[in-house]
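S.K.: quick one: sequence and predicted model below, then my questions.
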Amino acid sequence: MHTTVTARLTAHHRHCDDLLAEAERAAKQNWERCTERFKTFRDSLETHLQAEEQQLFPAVEPVLSPVEGPTLSTGGPTSVMRAEHEDMRGLLRLLEGSIEAADAEGFQGLVETLFILMQQHNMKEENVLYPLCDRILQGSRSMLADTLKLP
């Protein structure tokens, strides 16, 4: 039996959450360690976002929105998720700026904002989108969950 999209990506959400929490804790004690942990988090989150955008979403978009076809530009659940991914990427850039400026206080505030955004986003994916993807991808295409490019 193959891993479900829901199980695989939900587990990776938790992994990313843990990495962000490590960076936040390190910001209070060791700026160099914070920088290290943040880069690990950023890379893991970007890998996750790319797996969704380049593998998962294209596999389900034709079914989710057959009128618009495989590339959704507006509307539909995956376009909402893509927009939120861009919001997260924007916060990552701001966090990188706070690291470059060695602004621990600014870093902490931005981490809190990103964490809230991620939790809201993850709930939508875990409770709605991923289970829908699992239903759409039943059968031979369900192996996608096993092949998602995640650590």
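M.R.: Received the coordinates, thanks.
S.K.: check contacts around S44.
M.R.: 12, 15-16, 19, 151 (C-beta atoms under 8 Å, 6 or more residues apart in numbering). Bear in mind the C-beta positions are built from the backbone N, C-alpha and C, glycine included.
S.K.: same check on L45?
M.R.: Per C-beta under 8 Å, 6+ apart, neighbours of L45: 16, 19-20, 88, 92.
S.K.: quick revisit: got CSV for the contacts of S44, with neighbour count and distance to E105 too?
M.R.: Converted to CSV, those look like this (neighbours: other C-beta atoms under 10 Å; distance: C-beta to C-beta, whole Å):
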residue, neighbour count, distance to E105
H12, 19, 30
H15, 16, 27
C16, 20, 23
L19, 19, 21
P151, 8, 31
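S.K.: how near is E46 to G97?
M.R.: 17 Å (C-beta to C-beta, to the nearest Å).
S.K.: low-confidence ranges, the chain, go.
M.R.: For the chain, applying pLDDT under 70 flags the ranges 1-2, 66-75, 139-146, 149, 151.
S.K.: let's see that with 80 instead.
M.R.: Applying pLDDT under 80 to the chain picks out residues 1-2, 65-75, 139-151.
S.K.: tell me where it has helices.
M.R.: Counting by DSSP state H, one finds helices in the chain at the ranges 5-27, 31-51, 57-64, 77-100, 104-124, 130-136, 144-147.
S.K.: that older thread, between the contacts of S44, which is nearest P62?
M.R.: Nearest to P62 out of the contacts of S44 is H12 (C-beta to C-beta; 24.2 Å).
S.K.: the closest one and L49 touch, don't they?
M.R.: No. Taking contacts as C-beta atoms under 8 Å, H12 lies outside contact range of L49: 10.6 Å.
S.K.: which neighbours do those two have in common?
M.R.: With C-beta under 8 Å, 6+ apart as the test, H12 and L49 reach no residue in common.
S.K.: from W31, how far off is H48?
M.R.: H48 is 26 Å from W31, by C-beta to C-beta.
S.K.: neighbour-wise, which of those two wins?
M.R.: Shown here are H48 and W31; by other C-beta atoms under 10 Å, H48 has more neighbours (21 against 14).
S.K.: in contact with the more buried one: list those residues for me.
M.R.: Here H48 is in contact with 9, 12-13, 16, 150 (C-beta under 8 Å, 6+ apart).
S.K.: can you check V80 too?
M.R.: K124.
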